[in-house]
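Sharing a model that was predicted from the sequence below.
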Amino acid sequence: QVQVVESGGGLVQAGGSLRLSCVATGDTWRYCMGWFRQAPGKEREEVAGILGYGTISYANFVKGRFAISQDNAKNTLYLQMNSLQPEDTAMYYCTAFVCSRWPGGYTYWGQGTQVTVSS
């Protein structure tokens, strides 16, 4: 099992930045890590994932605005989000997943951290 705790969300104006963090504990070595989000009334959508062997996957809507990174020494996953737009408003979840099942194969995730972008 893997436990994850997200933090770093908040309210920001359009064009602003946030950095999300996720501390993971447990059998993290079995899984890859990533972020997905869900806005009210919408389906989950993947944001970014570290798939192993240095491969990183970003959703098309990221368009170079977000950057995912991982500090293995701290068991922490990050999502740096720049040029935020109101359509980025959502609950953001950190997820541990079987590396071959991205996107969509989220195995473990946390409570989420809310990101709200005002226009």
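Received the coordinates, thanks.

Next, the distance between the ends of stretch 92-112.
5 Å (C-alpha to C-alpha, to the nearest Å).

Now do that stretch, average pLDDT.
In this model, stretch 92-112 has an average pLDDT of 93.

Same question for stretch 57-71.
For stretch 57-71, mean pLDDT rounds to 94.

okay, that stretch in CSV with CA atoms only?
Only the C-alpha atoms of stretch 57-71 are listed here, as CSV (Å, rounded to 0.1, in the frame of the first residue of the first chain):
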residue,chain,number,x,y,z
SER,A,57,4.0,12.5,-19.5
TYR,A,58,2.0,15.7,-19.6
ALA,A,59,-1.6,16.3,-20.6
ASN,A,60,-2.0,18.5,-23.7
PHE,A,61,-3.6,21.3,-21.7
VAL,A,62,-0.4,21.7,-19.7
LYS,A,63,1.3,23.3,-22.8
GLY,A,64,4.6,23.8,-21.0
ARG,A,65,3.0,25.6,-18.1
PHE,A,66,3.4,22.8,-15.5
ALA,A,67,6.5,20.8,-14.4
ILE,A,68,6.4,17.6,-12.4
SER,A,69,9.4,16.5,-10.4
GLN,A,70,10.4,14.1,-7.7
ASP,A,71,12.7,14.1,-4.8
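
which parts of that stretch are buried?
57-59, 62, 66, 68, 70 (16 or more other C-beta atoms under 10 Å). (C-beta placed from N, C-alpha, C; glycine too.)

can you pull out the strands in the chain?
For the chain, applying DSSP state E gives strands covering 2-7, 10-13, 18-26, 32-38, 45-52, 55-58, 66-71, 76-81, 90-97, 106-109, 113-118.

what sits up against the last one?
Meaning strand 113-118. Strand 113-118 is contacted from outside by 6-14, 16, 18, 20, 37, 81, 84-92, using C-beta atoms under 8 Å, 6 or more residues apart in numbering.

repeat that for 10 Å
Residues from elsewhere that reach strand 113-118 (C-beta atoms under 10 Å, 6 or more residues apart in numbering): 5-16, 18, 20-22, 35, 37, 39, 79, 81, 84-94.
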